[in-house]
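S.K.: Give me a 3D structure for the following:
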Amino acid sequence: MTKAIWNGAVLAESEATIVVEGNHYFPPDSINRAYFSPSDKHSTCPWKGVASYYSIEVDGSVNKDAAWVYPEPKEAASQIKDYVAFWKGVKVTDGDGDEESESLLKRMQSKLGL
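M.R.: The predicted structure is shown next:
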């Protein structure tokens with residue numbers, strides 16, 4: 001199971017991600033929408049189309065524009081329509097739990113000043 005994790009929270013998990021240009025795109029139904037809020041940011045890829053962004057909020061911390069989606073991709077990228085990808089410190093793991101545990105440990109140590 002592939003997971004997207006930030007600030008100790010699992011943002012998405014799926015066995016059906018699509019990898020494009022080294023990025024895992026998660027199916028829309030695998031996203032934990034409670035952490036996402038729409039952003040005004042957009043960018044354009046010559047072959048994928050216009051991307052829309054989401055900011056992510058976990059425990060009061062905001063990661064601005066940390067996820068993106070192609071709601072209306074060009075034909076060459078039609079397989080990733082509405083799939084969500086991540087950057088800006090969001091860890092994408094194979095879901096074995098080691099990296100998730102390490103992320104949670106680092107977060108707790110930081111809060112304790114260790």
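
S.K.: Quick check: bridge partners of the residue positioned nearest the centre of the chain?
M.R.: For the chain, the residue nearest the mean C-alpha position is residue 86 (3.3 Å; Cα atoms, centre = their mean). Listed beta-bridge partners, residue 86: residue 67 (assigned using DSSP bridges).

S.K.: now residue 93
M.R.: Where residue 93 sits in a bridge, its partners, by DSSP bridges, are residue 3.

S.K.: I'd like to know how far it sits from residue 2.
M.R.: Distance of residue 93 to residue 2, computed by Cβ to Cβ, to the nearest Å: 7 Å. Every residue, glycine included, has its C-beta placed from N, CA and C.

S.K.: again with residue 80
M.R.: From residue 80 to residue 2 the distance is 15 Å (Cβ to Cβ).

S.K.: Enumerate every residue touching the residue nearest to the centre of the chain.
M.R.: Residues in contact with residue 86, defined by Cβ atoms under 8 Å, 6 or more residues apart in numbering, are 4, 6, 11-12, 23-24, 66-67, 92.

S.K.: can I get these in TSV with distance to residue 56 and neighbour count?
M.R.: Formatted as TSV, those follow (distance: Cβ to Cβ, whole Å; neighbours: other Cβ atoms under 10 Å):
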residue	distance to residue 56	neighbour count
4	9	27
6	6	21
11	6	28
12	10	28
23	16	16
24	15	19
66	5	23
67	6	26
92	13	20
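
S.K.: tell me the strands in this structure, going along the chain?
M.R.: With DSSP state E, the ranges of strands along the chain come out as 2-6, 9-14, 18-20, 23-25, 36-45, 49-58, 61-69, 84-86, 91-93.

S.K.: Tell me which of those strands lies nearest to residue 76.
M.R.: strand 49-58 (8.9 Å; Cβ to Cβ).

S.K.: what angle do that closest one and strand 2-6 make?
M.R.: Here strand 49-58 runs at an angle of 60 degrees relative to strand 2-6 (axes from the mean of the first three to the mean of the last three Cα atoms, to 10 degrees).

S.K.: Fine by me, thanks again.
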